[in-house]
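Visitor: everything below, folded, please.
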Amino acid sequence: MSAYVVDKETIDQLIAGALRARLFGIDEANEKGQMLWRENVTSVSFRYNLPTRDATELAQYEGDVEAYTYEACDPTGETIDAAIDCLDYQSCEHDGWEASAAHALLKSIRIAFPAKPRIMRRA
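Guide: Reported below is the predicted structural model:
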């Protein structure tokens, strides 16, 4: 399985969903966004051993996380659903993911924005 660091827009969409669900206030948006993105970077770093393989790339990701500020957006429920799936898949590479506060927040967002049933098509 490959993993990647999600883009800022994905984090903004998740924070917008959490705010819409009233999971926290706007005053916590930057902190919660950084937390979500940091877990994603931790996962990718673990998967690809970035501290020894490419410390410069890791430093760039960490800098992006620290500089994160929420930009208000108005994603659809489907967009939030996709962002939840994306971040969950891209952040599960390290053993601490399921016990993390980021994972707990993502689960809370999922409760507010349940996944739509997926239609399986036969080939």
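Visitor: Phe113 touches Thr79, doesn't it?
Guide: No - using CB atoms under 8 Å, Phe113 is not in contact with Thr79, being 9.4 Å away. All C-beta spots, glycine's among them, are computed from the backbone N, C-alpha and C.
Visitor: which one's more surrounded, those two?
Guide: Neighbour count, other CB atoms under 10 Å: between Phe113 and Thr79, Phe113 has more, with 22 against 18.
Visitor: nearest residue to the more buried one in space, ignoring adjacent ones along the chain?
Guide: Once flanking residues are discounted, Phe113 sits nearest to Ile80: 4.6 Å by CB to CB, 6 or more residues apart in numbering.
Visitor: can you name every helix or strand that the helix or strand harbouring that neighbour contacts?
Guide: Using DSSP states H and E, Ile80 falls within helix 77-90. With contacts taken as 3 or more CB pairs under 8 Å, 6 or more residues apart in numbering; DSSP states H and E, helix 77-90 sits against helix 8-20, helix 29-48, helix 101-112.
Visitor: noted, bye for now.
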